[in-house]
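Peer 1: got a predicted model here, sequence first, then my questions.
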Amino acid sequence: MTRTTRRRRLTVAAALATVTVLAATACAPRTGTTDSSPEKIDAATLVTSLPAATTAVDEVTWAVVEGEPQTLDPSSSANIIIPNLCDSLLTVEPDFTLESGIAETAEWIDPVTFEITVRDGVAFWDGTPLTAADVAYSLERNRTPASQWYAAFALISSIETSGDDTVLVHFTAPDTTFRDALGGGGGAVMSKAFGDTVGQDLGTSGGGLMCAGPYRLDEWKPGTEISVTANPDYWNGAPLTERIRFVFVTDGATLTSALTAGEIDGAFTVPPGSRQSFEAEGEGRLIAGPSTASYSFGPASADSAAADPRVRQALSLAIDRSTYIDTVLQGLGEVQKTIVPPFVWSGMEAKDIYQDAYDALPAPEVDLDAAKKLIAESGIDTSVPLVLAVPAGAKEFSQTASIVQSAAKDIGLTISIDERQPADFGALFYTPELREGIDFVATTGYLEVPGVLGYPQLFMLPAEIGGIFNWSGYANDEVTADLQAARTATDATTAADAFVSAQEIFAADQLQVTLAGAYQLTYLSDDLTGITTSVAIYSSPWALHLGGE
Amino acid sequence: MIRMVLGKLGGLALTLFLASVIIFSALLLTPGDPVSALAGGARPTPELIAAIRAEYRLDDPVWLQYLHWLGGVVTGDFGRSFVYKTDVSVLVGARFEVTFQLVLLTTALIAVFGLGSGILAAVSGRRTDMIVSVSTSLGMALPTFIVAILLIWIFATSLGWFPTFGAGDEGLDRLWHLVLPAASLALMFIAYISRVTRSALVAQLHSEHVETARVRGIPWPRVFRRHVFHNAAPQILAISGTTIAGLFAASAIAEQAFGLGGIGSLLTEAAARKDLPVVQVVSLLLVTLFVVLNAIADLLAAAIDPDSAGTRRNA
């Protein structure tokens, strides 16, 4: 939205007075030190989406806090722009339930065959009709390890079209994770003809895209912005906002001032550290929504003290989650009992089974005596410092590191912190040599589609069957059997029962020491409404109903 | 003069060649694995990592990789970004404009305020000299990002006179968007140039020939122009050349603070992500700019005062 007049016209004197006040108060969110604990938000008041807009808007400027996307190709990237461009076969609703999307139906017709029927009358931006061949082409692109969504496509044996609007996907074994994955980028449909033409440039600033979403890719100026315009022929109704300009703002302070000054109309995943500035007088409001995002740390090698569950349990018992949430998340998060975040199954068919099992898990608590006892039992050499690797430059992680460090000190452990630049930190995840000398790695992540197996498969299965982040060599036959059973079950109840039985074991072993669940934070101009405000923004067209209030 | 230009060109070519070797090998020797940039968001299996390494020749010996790269650069193929999978020339071209405009505006600010306050301090009374001296000490002590935060608070957030963010559209809107970034980038250099100018002028003011000229009754404005400024100019120019060339690299901080997608922020971002082709080309571009701008400053100085430039070169 372009503003022709600025709301505030202050005299020089008044402005200078404001600066003094800002110097005294606004420093707090920047440095993250506050005198009193920030106010907690009741989980029941979290907002999944804002009421649909009623008036049209010419232009909205939106900040992408992750920075310029590497690509808009849905199979190689997850970012907040793609879901508005490329519709998926299924749609993840703001409350994390799964509804039909480009697929009218997408169901198992037998334990190893999945049938997709394409919705009638869906067309790409250029007007060509979307067919089963385009669906098969798009799914096929995820059958390589280079795809972000490969895990959910690993059990596929073949994909074939059976008519103009039907696709059959054949599996080597049943797979409960596949249907959920179709709600995210893995199920995004692109034009085969366009993809064949542009080849490897697909999704880049030069190659572009051809999809069937509510917005069309208009222009990508590298380093500056990506602009999209409303698709008037969208199958689910044209958006009210004519144009969205996505600008890239990775600096938290710059983002905060541009948002509160109204130069940028909105942003997702804004820094919790700026909570005070966002809640102060400004051009918009801060909205907290449910999320699957969490902060955690886990073992980096099999021959470290960190590979002993008792050491992780002890650290978990030493960390005060409430202080953690106040400090790192400014109160904008909640205690999360285990690695699998509750929101991820909140819309699933067997959610009651998941809920009951989650309720039965012990809540994290502080018990220094028990922690010290565990350390003594483990028999580890406490004179050797344990190294915790964190990404450099992120305030949340430097705070996380110091909290873990000081908690460890309380139970007689020494933690030394190894801050790594983003590329080096990223490389830790798949270059084993780089993890030498590191005991723990702190991470954050979110799951963009429903489904409970995303994290457990990566962290708890033996490496050769998919546990690529299982660096401590964790191998529990029961957990492995249950997780495999949960994946290949043919009904939701069996899958849920098998999963919760695995969870009972792995939750206690704390393959990742979960520190907190973080809410999805959105800042939006007071003049606008209609967006999704839960973590579903990463997989559903969140700007479809965006417009004036 | 022609010999000097030719000499400069030869030196320039040699410098660039050496710089390209250093840049290329230094990047490969620094820790971190470019595969992380190449893999993007995927969770690569060992097979995929091997395929990526083969495709991008990461397992070739460094000298072979260098020759391959140099061959590309010479024929105008700057390679593809590991991260954005697009031609580096496209990425760099799109961002160069903003940085160039930012540096141009910053240079103008430095020229007006740096030279202006330096001259003022040299020729005015003691009190003005003191004020300028204190201000420049302060200016040199304030890091660019602090100045940026202060300027945003005062002139963008509170007064609302300038935008806090972005490069705006072409023309006047762009200029308006670049004022605060340029001011925050310029402050430190204004102070620096002011000091250099002042001391160069003061040295001339106290020199024998100026005394003589004044005693001979030549009008003061003429003495200042012909003797003082003329003799001090080569030194000021040489320092200014280095300063302006350095602005291209220094712009990263201002670009970051004001969300301008320029060359400086591209370089920091690419370095953090280990996007080798981008870092190589941008570094080489910065070195080229540095060398060329310095050469231009030298030539200008020589044009103003051949003797002085000659002495400086031989010194």
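Peer 2: Cool, got the structure.

Peer 1: dead centre of chain A: give me the residue that sits there.
Peer 2: A:Y446 (3.0 Å; CA atoms, centre = their mean).

Peer 1: ok, then the element right after the longest helix along chain A?
Peer 2: For chain A, the helix that runs over the most residues, judged by DSSP state H, is helix A:492-509. The helix or strand immediately downstream of helix A:492-509 is strand A:513-518, counting by DSSP states H and E.

Peer 1: and the nearest residue to A:A238 once chain neighbours are set aside, which of the three is it?
Peer 2: What sits nearest to A:A238 in space, not counting adjacent residues and going by CB to CB, 6 or more residues apart in numbering or on different chains, is A:P232, at 4.7 Å. Bear in mind the C-beta positions are built from the backbone N, C-alpha and C, glycine included. Under DSSP: H, G, I helix; E, B strand; the rest coil, A:P232 falls in the coil class.

Peer 1: wait, A:P232 touches A:E242, no?
Peer 2: No. At 9.8 Å, A:P232 and A:E242 do not qualify as touching, with contact defined as CB atoms under 8 Å.

Peer 1: more neighbours, these two?
Peer 2: Of the pair A:P232 and A:E242, A:E242 is the one with more neighbours under other CB atoms under 10 Å in any protein chain shown, namely 16 against 11.

Peer 1: does the more buried one touch A:A230 like I think?
Peer 2: Yes. Judged on CB under 8 Å, A:E242 makes contact with A:A230 at a distance of 5.3 Å.

Peer 1: show the pLDDT at residue 122.
Peer 2: I went with chain A, as the question did not name one. At A:V122 the predicted local confidence, pLDDT, stands at 96.

Peer 1: oops, I was thinking of chain B
Peer 2: On pLDDT, B:A122 comes in at 85.

Peer 1: which residue, other than its chain neighbours, is closest to the residue in chain A that chain B sits nearest to?
Peer 2: Closest contact between chain A and chain B, by CB to the nearest CB, is at A:G223 (3.1 Å). Once flanking residues are discounted, A:G223 sits nearest to B:G261: 3.1 Å by CB to CB, 6+ apart.

Peer 1: residues in contact with the closest residue in space to the residue nearest to the centre of chain A that isn't next to it in sequence?
Peer 2: Distances taken as CB to CB, 6+ apart put A:A293 closest to A:Y446, at 3.9 Å, once the chain neighbours are dropped. Counting by CB atoms under 8 Å, 6 or more residues apart in numbering or on different chains, A:A293 touches A:P341, A:T444, A:G445, A:Y446, A:G517, A:A518, A:Q520, A:V535.

Peer 1: how far away is A:A293 from A:A518?
Peer 2: Distance of A:A293 to A:A518, given as CB to CB, to the nearest Å: 5 Å.

Peer 1: can you check A:E478 too?
Peer 2: Distance from A:E478 to A:A518, by CB to CB: 31 Å.

Peer 1: who has more neighbours, those two?
Peer 2: A:A518 (26 against 12).

Peer 1: partner residues bridging that one?
Peer 2: A:G333 (DSSP bridges).

Peer 1: wait, it touches A:T292, no?
Peer 2: No. If you go by CB under 8 Å, A:A518 and A:T292 don't touch, sitting 9.4 Å apart.

Peer 1: which strands or helices does the helix or strand A:E99 falls within pack on?
Peer 2: Per DSSP H and E, A:E99 falls inside strand A:98-100. Using 3 or more CB pairs under 8 Å, 6 or more residues apart in numbering or on different chains; DSSP states H and E, the elements in contact with strand A:98-100 are strand A:90-92.

Peer 1: before we move on, back to that, the following helix or strand past the strand holding A:E99 pairs with which strands, and in what direction?
Peer 2: Counting by DSSP H and E, the next helix or strand C-terminal to strand A:98-100 is strand A:103-110. Taking DSSP bridges as the criterion, strand A:103-110 sits next to strand A:113-118 (antiparallel) in its sheet.

Peer 1: and the strand it pairs with, how far out from the chain's middle?
Peer 2: From the chain centre to the centre of strand A:113-118 is a distance of 27 Å (CA atoms, centre = their mean, to the nearest Å).
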